[in-house]
Every structure is written in C-alpha cells, then in structure tokens.
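K.L.:
only the shape, not the letters, is given here:
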C-alpha cells in the first residue's frame, strides 16, 4: 500500500514539475528542438535541474543495500550499444519532433481534455501494443546475438 | 524580452528540480528507475505483482495534470495547430520507439544520464538529434 501511495505522490510531483518547466506545452518543446530556427534554449534547464538533483543523490542512495520500501533495486546495468537502442531512440526523436510531446507530458496533458493530447496518448498506447504484437518479426530484424 | 527569458529559465530549472526529486524518491523508496514509457507499458502488459504501483504513478501524472489545470491552466496550453492525425502518428512513433530503445526523456534523459549510463547518454543524444532534424525538416 505504501508503495502505491508513494508512486501516486511522486507521479503528481513529477507532473507538476513537467507543467512548471514548460514541458507540457508542445510549442515550447518544438521551440527547444528548433535549433536551426527560433531556438528557445530554456528547456535545457529542465534537464540541468533534474540531472543535477538526481545525479548528486544517486551514488548516496546506491550505497544502501536495498530501497526503503522494497527488497532490491531495479536499475539496468547494460552498457552495450545495440541497433534496437539506436533505432528506437531515433524513432522516438522523430515522434517527439513531429508533435512536441514525450510520454510524461503526453499523459499529464490528458487533464487538459484537448483532443490533441487524447489522440497522442491513444497513438502511444497503440504503438506500444504494436511493439508487443510484433515481437516475432522484431526478433528476425534484430536477432539476439 | 530578457526578463521573459530569465523567467522561463527559472521556471524550467524549478520544474526540473521537482522532476529530479520525484525520480530520486522513486529510487530511494522503491528502487525504481522512473521511466515513463516503461511504467506505462507495465500498466498495459502487466507482469505478475508488478502492476499497482505503475498504475498509481500514471494516475498521479494525470492528477498532477488536473492540479495544473486548476491552478496554472496556461501550463497545459497547446498552441501548435497540428491536426489530430499528426498527434496520433507522433504518439505511435513515441510509443514504439521508446519501447524499442528501452526508454524516453525520463528513463534515459534524466535517470540514465544521472548514473552516467553509456546507453542512456547515446540514446539521449540520438533522440535529441532526430527531434532537432524532424523540426528542421517540418519548418
């Protein structure tokens, strides 16, 4: 139960962070990505703030043998650069540039009731289901070495 | 003009700090990387005993959105005049791409870079570059 309450609370905090920072306004995100036009660098400070806080706390937290409310840490430790990583990141980048939403802001902006947010999240869920269904095909395109 | 810019930067930094605190508490309390794409996927295709907290986090994102709507509605303003199909297509690319690439702006961009993960640094540079290219092409 405490896990669910903290997840809910941190979801709310995360969403407020997204909103305050400007990440939930696609026009701001497009402006940030518009490096060769009317570039608006302000959103770089979102990364600086978030990474600044998290990077400085990360090592300290990982000194613990386990998290406070769970048995173990679930942190990936892979370091291999694979085609799926690069192709996936590229597809995500194109999608991000096409409409100015990444997953978190898309979900948070559902609260606006805007059709744009609704169809974005609908498309995102659809893309995730296609990912699941297309697993056999994907294993042929990206064979596991 | 300069004042407006500084205000934007201050708000972006403040919001970023809140995001950093949220992902830090998720790691400290639950041992989890706060990757929104992965959390959402886990609500759609659940694994055993690994569903409730994910759903709670996603609900939290939307409840946070409602708070923004009530107290600071301009934060949810969307003034780009793209048609719904464009948002749907973007959503499809984002959904598929983030799963194939194991993460999005939060999982790779914030959590991964914070632990100096090579995969996350490369993924973040890649999706940033393709985002910039896409916006440049659509200009």
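P.N.:
Nice, I can see it. Computed from a prediction, not measured in an experiment: that's the story for all the values here.

K.L.:
which single residue in chain A comes nearest to chain B?
P.N.:
Across chain A, no residue is closer to chain B than residue A:11, which sits at 1.9 Å (C-beta to the nearest C-beta). Just so you know, the C-beta spots here come from the backbone N, C-alpha and C atoms, and that holds for glycine as well.

K.L.:
surely that residue is in contact with residue B:56?
P.N.:
Yes - if you go by C-beta atoms under 8 Å, residue A:11 and residue B:56 touch, sitting 6.8 Å apart.

K.L.:
more neighbours, those two?
P.N.:
Neighbours per residue, other C-beta atoms under 10 Å in any protein chain shown: of residue A:11 and residue B:56, the larger number sits with residue A:11, 31 against 21.

K.L.:
for the more buried one, give me its contacts.
P.N.:
By C-beta atoms under 8 Å, 6 or more residues apart in numbering or on different chains, the contact set of residue A:11 is B:22, B:56, B:57, B:58, B:59, B:60, B:61, B:63, B:64.

K.L.:
state the distance from the third one to residue B:99.
P.N.:
It stands for residue B:57. Between residue B:57 and residue B:99 the distance, using C-beta to C-beta, to the nearest Å, works out to 17 Å.

K.L.:
more crowded one of those two?
P.N.:
Per other C-beta under 10 Å, whichever of residue B:57 and residue B:99 has more neighbours is residue B:57, with 30 against 25.

K.L.:
can you give me the distance of that one to chain A?
P.N.:
Noted for residue B:57: a distance of 4 Å to chain A, by C-beta to the nearest C-beta, to the nearest Å.

K.L.:
that residue touches residue A:8, doesn't it?
P.N.:
Yes - here residue B:57 reaches residue A:8: they are 7.0 Å apart, a contact under C-beta under 8 Å.

K.L.:
which strands and helices sit next to the lengthiest helix in chain B?
P.N.:
Taking DSSP state H as the criterion, chain B has its longest helix at helix B:2-25. Under the contact criterion of 3 or more C-beta pairs under 8 Å, 6 or more residues apart in numbering or on different chains; DSSP states H and E, helix B:2-25 touches helix A:2-21, helix A:44-62.

K.L.:
so which bits of whichever helix or strand comes after the shortest one are buried?
P.N.:
What it means is helix A:44-62. Note on helix A:44-62: by DSSP states H and E, the next helix or strand toward the C-terminus is helix A:83-99. For helix A:83-99, burial by neighbour count (16 or more other C-beta atoms under 10 Å in any protein chain shown) applies to A:85-99.
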